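> Sequence first, predicted coordinates after that:
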Amino acid sequence: MSDFFHEGELVAVLTTQPLDRLLDYRAPEGGCFAGAFVEVPLGPRKVPGVVWGPGKGDYDRSKIRPVTRVLDVPPMREEMQTFLARAGDYTLTPLTQMLRLATRAPGLGDPPSMRRIYRLGQGAPDRVTDARTRVLEVLRDYGGLAFTLGELAEMAGVSTSVIKGLVKQGVVAEEDSPRDLPFPPLDPDYGGKDLTPAQAAGAAQLCAGVQSGGYGTTLLRGVTGSGKTEVYLEAVAETLRQGRQALVLLPEIALTQDFITRVEARFGARPAEWHSGVTMTERRRIWKMAAQGGAELVVGARSALFLPYRDLGLIVVDEEHDTSYKQEEGVLYNARDMAVLRASVCGAQVVLASATPSLESWVNAEAGKYEKLVLDDRFGDSVLPEMRAVDMRAETLPGDRWISPTLQQAVAARVAQGEQALLFINRRGYAPITLCRACGHQIGCDHCDARMVEHRFLKRLVCHQCGETKPMPEKCPSCEAEGRLAPVGPGVERLTEEAQALFPDARIATLSSDLFGSARALKEQIAAIAAGEADIIIGTQLVAKGHNFPLLTLVGVIDADLGLQGSDLRAAERTFQLMRQVAGRAGRAEKRGVAMLQTFQPEHPVIRAILAGEEEAFWRAEAAERSVAGVPPFGRMAGIIISSPDAQVAFDIGNHLARADAPLRQVGAQVFGPAPAPIARVRGRHRVRLLVKADKGVALQGALRAWVGQLRLPAQARLAVDIDPQSF
Ligand code: ADP
Ligand code: ZN
């Protein structure tokens, strides 16, 4: 049991206020435990916080005020305190900011009111109106989730009277706040599948880890369709049998609903679902139920790592290589690393699942830091697609077309046989560049260092960096020439146009995140494609992930070289992963698929490794290159990003830091820069970056803290430390 503080004893309280220290208070009437969520006076205000430990009392004791009250939420466990402290140390984030991550949901300080909540009922409406339909759509979109009256009205864009009308007819059910309602119990033995021998052996290995009751990480590798999900769901089942909780992290919200359905089929009930689309009411419930154990399984986005689980026994990081696990704003952390940290603190197992693991995880598994588990075969008779290169140097096609005659023929042949073909291009919008034919000007974003991308569907130019949009101008903003602005290069919308012209009789479906107003519309489109309602699918990265299209037998990659451009050291790894994922979409059922890669450099080592399917060889070569360069995972790196509305100020601070590098030199670390950051301007702020490099054994965080700590930032300037930056 944690420490108890009697009334009047000094306690140190951590608040979410931007102060980089703990504050002393006196324990309230009735006393409190360490970890208690409390409300404390701060100046004229009252702010929430957590009793972190005994107070120091190192200033005038007579001025120390008492805690106002203890809040009605489960206290923070000691292991959570340890996790937040270590995660903060690792990412160089003040504890106050870490606490904000851990309390994003609970609505601390909320009175425990009995609010009413609304969910889908049994009845049918007497009369259908647009407003009513919208309410029902929202309720159906979010499955079993409940909303408060205000939330539901806002999301559906209706007045509360519309909802009350539906309640009267029993179409919408009104209930007491579910804050204290546990999630329906999951049955670990409800819907298990008969596993193949290889899958069963894999499941046994993971279950043994769970039974050990301690920490361990396993890299679960296997091609798409090999049954990784089936296997790790067995580990979830074993965790539930042990009476502990499980967390499955997924990278993509679009995947969640399919996944939830699958979990429901396996365990007989829906898990708790945690992501940015979940309402505050539901978040509070999940937060509380995670703490009380009433949420046995949470399926969620990376921030679900910071929920206050009562007894977390397993964390699965699905598609562990996915770059969206890296949080690039606020606290800069990689959910994969944080999952391992969290598990090591609370004695849990981690399963990192991927068809194409990150180089970091691959190296850790080779080095014996992680257990290895490989599922080699696809489930059933389906086999990996045959990989072919289309050498674009030998193809003749006009400058504004991207589907080569070779690929065109292959697509036509598949469609004629009643099969599906997928054309993949990793670019949203119509065209990546809008260029003035008179003066050569390219339209850029006013706030960022990025080009504006034309989106014909939205009829606007969009900045993919900051989201800013503007109408397509009639004249060139630079030379004012009229009618000379032209699209350059292909995006998914433009490719659709080309395909429509080449295959006028084919049914073409385009899958790109910004063509769908809601997750449900996207899901319907995916279901329609799976049911065979399209001949040709044109898609962005969105299609690379996990959807199962049984009729799909041909994948054409429009520009396999795209990811290899630029100076990003991870470019090879990314391209390799993405191409393998996309190719894996072809031929999941009885028929062997073909993947055709359009490339101008078929001899490039990465393209060759993809074509040959030589995964191990690719990882080994890539690891050797990084090892020679001394970069992660063979060396340590950190990015220091300094931003300011004034570019000169940002550079001055960067130069000042670069000169004051004594604390770094002491540990043998080197600093490079300042240079413009990879994203040099975002939302009007100029960003410069310093890169710090050190040997693997170096305790970099301590040196960084001493180094950055010398600095006094001018107002308006900000500094962020990015441990293990994604690009370097
Ligand atoms: P992965 O996660 O490796 O991509 P999945 O676990 O999603 O693979 O399996 C691919 C498909 O094959 C899924 O539809 C899954 O339900 C099915 N499947 C895999 N293993 C089995 C099994 N042993 N019995 C029945 N269906 C299976
Ligand atoms: Zn912008």
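The structure has been received and is ready for your questions. Residues are numbered from 1 along each chain as shown. Ligands and ions are numbered 1, 2, ... in the order given.
> ok, then the element right after the lowest-mean-pLDDT helix or strand in the chain?
Sorted by mean pLDDT, DSSP states H and E, the helices and strands of the chain end with strand 116-120, the least confident at a mean of 73. Using DSSP states H and E, the next helix or strand after strand 116-120 towards the C-terminus is helix 130-141.
> isn't there a strand covering residue 89?
No: if the criterion is DSSP: H, G, I helix; E, B strand; the rest coil, then residue 89 is helix and not within a strand.
> give me the number of residues near it?
By other CB atoms under 10 Å, 14 other residues sit near residue 89. (Glycine included, C-beta is placed from N, CA and C.)
> Contact partners for the nearest residue to it once chain neighbours are set aside?
Once flanking residues are discounted, residue 89 sits nearest to residue 701: 6.1 Å by CB to CB, 6 or more residues apart in numbering. By CB atoms under 8 Å, 6 or more residues apart in numbering, the contact list for residue 701 reads 89-90, 92, 723.
> which phi and psi does residue 150 have?
Taking degrees, to the nearest 10, you get phi -60, psi -50 for the backbone angles of residue 150.
> whoops, residue 336 was the one
phi -60, psi -50.
> Give me the pLDDT value at it.
Here, the pLDDT recorded for residue 336 equals 95.
> gap between the residue nearest to residue 89 and ligand 2?
For residue 701, the distance to ligand 2 (CB to the ion, to the nearest Å) stands at 32 Å.
> just residue 78 next, same as before
Between residue 78 and ligand 2 the distance, using CB to the ion, works out to 44 Å.
> Neighbours of that residue, how many?
The number of residues packed near residue 78 is 15, by other CB under 10 Å.
> Low-confidence ranges, the stretch 601-728 of the chain, go.
727-728 (pLDDT under 70).
> Swap in 80 and give it another go.
Within the stretch 601-728 of the chain, the ranges that satisfy pLDDT under 80 run 613-615, 617, 629, 678-680, 726-728.
> ranges for the helices of it?
605-612, 615-629, 647-659, 662-666, 700-709 (DSSP state H, counting those that start in this stretch).
> Burial-wise, tell me which of these comes out on top.
Highest mean neighbour count among the helices of the stretch 601-728 of the chain (mean count of other CB atoms under 10 Å): helix 605-612, with a mean of 19.
> Would you mind pulling up the elements that it packs against?
Identification of packing neighbours for helix 605-612 by 3 or more CB pairs under 8 Å, 6 or more residues apart in numbering; DSSP states H and E yields strand 386-391, helix 571-583, strand 594-599, helix 615-629.
> before we move on, back to that, and ligand 1, which of the contacts of residue 701 contact it?
Contacts with ligand 1 within those, counted by CB under 6 Å from any ligand atom: none were found.
> Pick the one among the residues you listed closest to ligand 2.
Lowest distance from ligand 2 to the contacts of residue 701 (CB to the ion) belongs to residue 723, with 26.2 Å.
> partner residues bridging that closest one?
According to DSSP bridges, the partner residues bridging residue 723 are residue 638.
> which residues does it contact?
Contacts of residue 723 by CB under 8 Å, 6+ apart are 90-92, 332, 638, 700-701.
> sorry, back to before: select, out of the helices and strands packed on helix 605-612, the one closest to ligand 2.
Nearest of the helices and strands packed on helix 605-612 (CB to the ion): helix 571-583, 22.7 Å.
> close to ligand 1, is the closest one?
No: with CB under 6 Å from any ligand atom as the criterion, ligand 1 is not reached by helix 571-583; the gap is at least 10.3 Å.
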